[in-house]
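>>> need a 3D model of the sequence below.
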Amino acid sequence: MREPGDILDRRIVAGDPSGARMEWQLRVIEDGSTLWMPLQFDENGDIEAEPVWMPLPGSQFLFLSCPIFEALYEGTRGPGKTLTLLMDFARDVGKGHGNKWRGILFRREYKELDDVVKKIEEWFPQIWPGFRFLKSKAEYMAVWPSGETLLLRAGEDEEVYKTFHGHEYPWIGFEELTQWEDAGLFMKMQSCCRSTTPGMPCRVRSTTNPFGPGHNWVKKRYGLPKQRGKVLQPPGEMPRVAVHGTMSENFLLTHADPMYIIKLKNAARSAAEAKAWIDGDWDVTAGGMFDDLWRTDIHVLDDFPIGLVPRGWTLTRAYDHGQSHPFAVGWWLESNGEPMRLPDGKLVGRVRGDLILWREWYGTTGEPNEGVRMPSSRIAEGIVDRQNDWGVAGRVLPGPADTEIYNALSDRDGRCPADDMEDKGVYWERADKSRGSRKRGWELMRALLKGAIPSADGLREEAGLFVCVGCAHWIELIPPMPRNKRDPDDIPDKYEDHLGDMTRYRITWTVSGMFRRDF
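Purely as a prediction, here's the structure:
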């Protein structure tokens with residue numbers, strides 16, 4: 001028989017050799033129900049305090065005790081990331097810094113700050129008597145009696161940085177980092193993470209789950225999922241680390257709402273989104289243009305030599321031009337319906353019109369959306385060299401290219417990039433960039449991805465799109481392409497879409513002499 005005060009379970013957050021520790025206890029209370037209680041014990045094992053809030057053992061405690069300048073709290077929905085982010089700022093309140101301890105927390109839009117404000121108003125007045133939250137849009141900040149302030153702000157993109165240029169914020173936070181399409185604002189604001197006060201701690205903190213338009217750049221910046229928990233410090237950069245949290249750690253949530261996981265599954269718009277929310281899986285493509293169709297086990301093929309390709313297939317190139325942004329070249333195989341057997345025994349190309357991205361060349365520095373600024377003549381030389389190395393010289397047909405290459409340059413006596421490429425023996429046809437072609441391209445890409453998926457009897461009737469595993473940039477950037485919130489039939493303007501555009505040019509173009517696809 002359970003009696004009030006009985007301890008049914010306990011979870012130790014942290015302790016030291018003296019015996020002092022922080023601990024959560026599941027206790028029976030007066031009405032016979034159970035409640036998790038945070039307790040702080042001294043070295044004698046006596047209760048020293050019953051704090052209003054205490055971190056949970058595991059990722060919450062690790063994130064709050066992390067000494068690294070830049071830390072990301074990532075993972076599933078449910079481990080309490082938002083409140084932990086707020087408490088990370090608050091842990092330096094009352095330490096004598098006064099109004100010098102100043103922070104700023106960003107969400108992409110103001111309406112997304114509502115949940116942050118709710119948590120602030122629920123918890124902080126309980127912990128700090130006299131705490132105030134100023135709700136006018138001109139202020140919109142948390143203010144402590146001892147002078148510390150935390151500003152809440154919306155920042156859609158890096159243009160917002162101009163408002164804060166020259167400011168000092170020893171603490172900078174970003175909530176749901178993958179909601180930013182690129183790293184512009186996140187990186188520029190780091191220049192404000194400073195203090196003229198000697199000994200003042202300075203740090204950047206953020207939270208996220210894998211879902212969102214910024215999935216790729218966040219994944220790449222923190223080496224997720226393979227390098228989570230590992231301190232990364234590329235030359236010339238400040239150290240950073242990702243701390244992984246899971247729903248299963250939050251025993252407070254699962255105790256109060258045992259059906260929470262089922263609710264999440266029901267709320268997810270796709271299986272991929274559910275996997276991102278519940279498993280914190282960075283290898284899924286959730287919430288994007290193709291997440292409901294993309295299947296790595298179906299759409300990705302092992303690399304194969306050109307010697308296996310039937311002579312009746314065509315090999316063409318497609319090109320998206322870029323200088324400050326990356327350029328993208330793709331070599332595409334199109335089947336005439338004669339199947340090809342890969343070394344692993346798999347038959348591909350059984351449907352006439354099947355398209356395979358066989359090789360790619362992506363002109364990137366390795367930084368998000370940053371091109372190598374290679375002259376067009378050098379790009380053409382690189383194309384010729386690659387075709388010679390692959391043994392396909394003379395077999396590649398001119399394919400569609402970005403019409404930008406036909407624009408004459410004012411300082412070049414009327415010559416254009418296409419002229420420079422033709423001088424090196426590389427020719428193109430004009431891609432379709434007519435009004436509406438962009439959205440038609442994404443729709444046709446969806447149709448081809450769907451066509452690659454066999455029916456229940458293992459057969460296919462429609463042409464499909466496949467990509468060889470060596471086309472690593474395409475596989476990284478295209479499957480998770482997000483939808484534009486304002487125009488769901490397109491992708492965000494700032495997304496790194498050059499390989500996507502190259503693909504659009506190819507799939508909306510017909511090889512001369514071959515049948516024309518119906519759109």
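
>>> how about low-confidence regions in this protein?
The model of the chain has pLDDT under 70 over residues 269-273, 284-287, 410-412, 513-519.

>>> care to break it down by domain?
Using automatic domain parsing, the domains assigned to the chain come out as 7-49, 59-279, 296-507.

>>> distance of the spatially most central residue of the chain relative to Pro482?
Centroid-nearest residue in the chain: His215, 1.0 Å away (criterion: CA atoms, centre = their mean). Using CB to CB, to the nearest Å, His215 is found at 7 Å from Pro482. Bear in mind the C-beta positions are built from the backbone N, C-alpha and C, glycine included.

>>> for Ala71, what are its contacts?
63, 203-206, 240-243 (CB atoms under 8 Å, 6 or more residues apart in numbering).

>>> now those residues in a markdown table, with distance to Lys137, neighbour count and secondary structure?
Converted to a markdown table, the contacts of Ala71 look like this (distance: CB to CB, whole Å; neighbours: other CB atoms under 10 Å; DSSP: H, G, I helix; E, B strand; the rest coil):
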| residue | distance to Lys137 | neighbour count | secondary structure |
| --- | --- | --- | --- |
| Phe63 | 30 | 27 | helix |
| Arg203 | 27 | 20 | strand |
| Val204 | 25 | 22 | strand |
| Arg205 | 24 | 26 | strand |
| Ser206 | 23 | 26 | strand |
| Arg240 | 32 | 20 | strand |
| Val241 | 34 | 22 | strand |
| Ala242 | 33 | 27 | strand |
| Val243 | 32 | 27 | strand |
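
>>> which residues touch the residue lying closest to Pro305 once chain neighbours are set aside?
Setting aside the residues directly before and after it, Pro305 is nearest to Gly391 in space (CB to CB, 6 or more residues apart in numbering), at 7.9 Å. Gly391 makes contacts with 305-307, as judged by CB under 8 Å, 6+ apart.

>>> now Leu177
Here Leu177 is in contact with 72, 186, 206-208, 212, 214, 218 (criterion: CB under 8 Å, 6+ apart).

>>> Glu334 and Val511 touch, don't they?
Yes. Glu334 is within contact range of Val511, at 6.3 Å (criterion: CB atoms under 8 Å).

>>> confirm Ala380 sits in a strand?
No. Per DSSP: H, G, I helix; E, B strand; the rest coil, Ala380 lies outside any strand segment and is helix.

>>> re earlier: the contacts of Ala71: which two are farthest apart?
Arg203 and Ala242 (14.5 Å; CB to CB).

>>> how near is the residue nearest to Ile29 when sequence neighbours are not counted to Gln25?
Nearest non-adjacent residue to Ile29, counting by CB to CB, 6+ apart: Leu35, 5.1 Å away. Distance of Leu35 to Gln25, given as CB to CB: 9 Å.

>>> if you count what's nearby, which of these two comes out ahead?
Neighbour count, other CB atoms under 10 Å: between Leu35 and Gln25, Gln25 has more, with 16 against 13.

>>> surely the more buried one and Val13 touch.
No. Using CB under 8 Å, Gln25 is not in contact with Val13, being 11.2 Å away.

>>> name the SS class of Leu449, please.
Judged by three-state DSSP, the three-state class of Leu449 is helix.

>>> pretty sure Leu185 sits in a helix.
Yes. Counting by three-state DSSP, Leu185 is located in a helix.

>>> ok, now how distant is the residue of the chain most remote from its centre from Gly32?
What lies farthest from the middle of the chain is Met1; by CA atoms, centre = their mean that is 50.6 Å. Separation of Met1 from Gly32 (CB to CB): 10 Å.

>>> how about Leu105?
Taking CB to CB, one finds Leu105 at 40 Å from Gly32.

>>> contacts only, for Gly382.
361, 374.

>>> if we go to 10 Å?
Contact partners of Gly382, counting by CB atoms under 10 Å, 6 or more residues apart in numbering, are 327, 329, 361, 363, 374, 424, 426.

>>> go through the residues you listed and name the one nearest Ser455.
Closest approach between the contacts of Gly382 and Ser455, by CB to CB: Val329, at 34.0 Å.

>>> so what pairs up with that closest one in the strands?
Tyr319, Trp361 (DSSP bridges).

>>> try the one 4 residues further on
With beta bridges defined as DSSP bridges, Leu333 has these partners: Leu315, Ile356.

>>> what is the burial count for it?
By other CB under 10 Å, the residues close to Leu333 number 23.

>>> hmm, Leu357 and it touching each other?
Yes. The criterion here is CB atoms under 10 Å, and Leu333 meets it with Leu357 at 8.2 Å.

>>> mind listing the shared neighbours of the two?
466, 468.

>>> what are the ranges of the helices in the stretch 201-350 of the chain?
If DSSP state H, counting those that start in this stretch is used as the criterion, the helices of the stretch 201-350 of the chain fall at 215-221, 251-256, 260-267, 271-279, 296-299.

>>> spatially, what comes nearest to Trp128 if we skip its sequence neighbours?
Trp144 (5.7 Å).

>>> that neighbour contacts Val93, doesn't it?
Yes. Under the criterion of CB under 10 Å, Trp144 makes contact with Val93 at 5.3 Å.

>>> what's near enough to touch the spatially closest residue to Glu30 that is not a sequence neighbour?
Nearest residue to Glu30 in three dimensions, chain neighbours excluded: Pro4, at 5.1 Å (CB to CB, 6+ apart). Under the criterion of CB under 10 Å, 6+ apart, the contact partners of Pro4 comprise 27-33.

>>> then Leu342?
Leu342 sits next to 301-304, 308, 348-349 when contact means CB under 10 Å, 6+ apart.

>>> and the buried ones among these, selectable in PyMOL?
The buried residues among those can be selected in PyMOL (16 or more other CB atoms under 10 Å) with this line:
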select buried, resi 301+304+348+349
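
>>> list the buried residues for stretch 98-106?
Buried-residue list, stretch 98-106, by 16+ other CB under 10 Å: 101-106.

>>> repeat for stretch 399-418
Buried, per 16+ other CB under 10 Å, within stretch 399-418: 399-402, 404-405, 416-418.

>>> among those, which ones are in strands?
Secondary structure defined by DSSP state E assigns 400-401 of the buried residues of stretch 399-418 to strands.

>>> format the buried residues of stretch 399-418 as TSV; extra columns: distance to Ala267.
Putting the buried residues of stretch 399-418 into TSV (distance: CB to CB, whole Å) gives the following:
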residue	distance to Ala267
Gly399	43
Pro400	41
Ala401	43
Asp402	40
Glu404	42
Ile405	46
Cys416	51
Pro417	48
Ala418	50
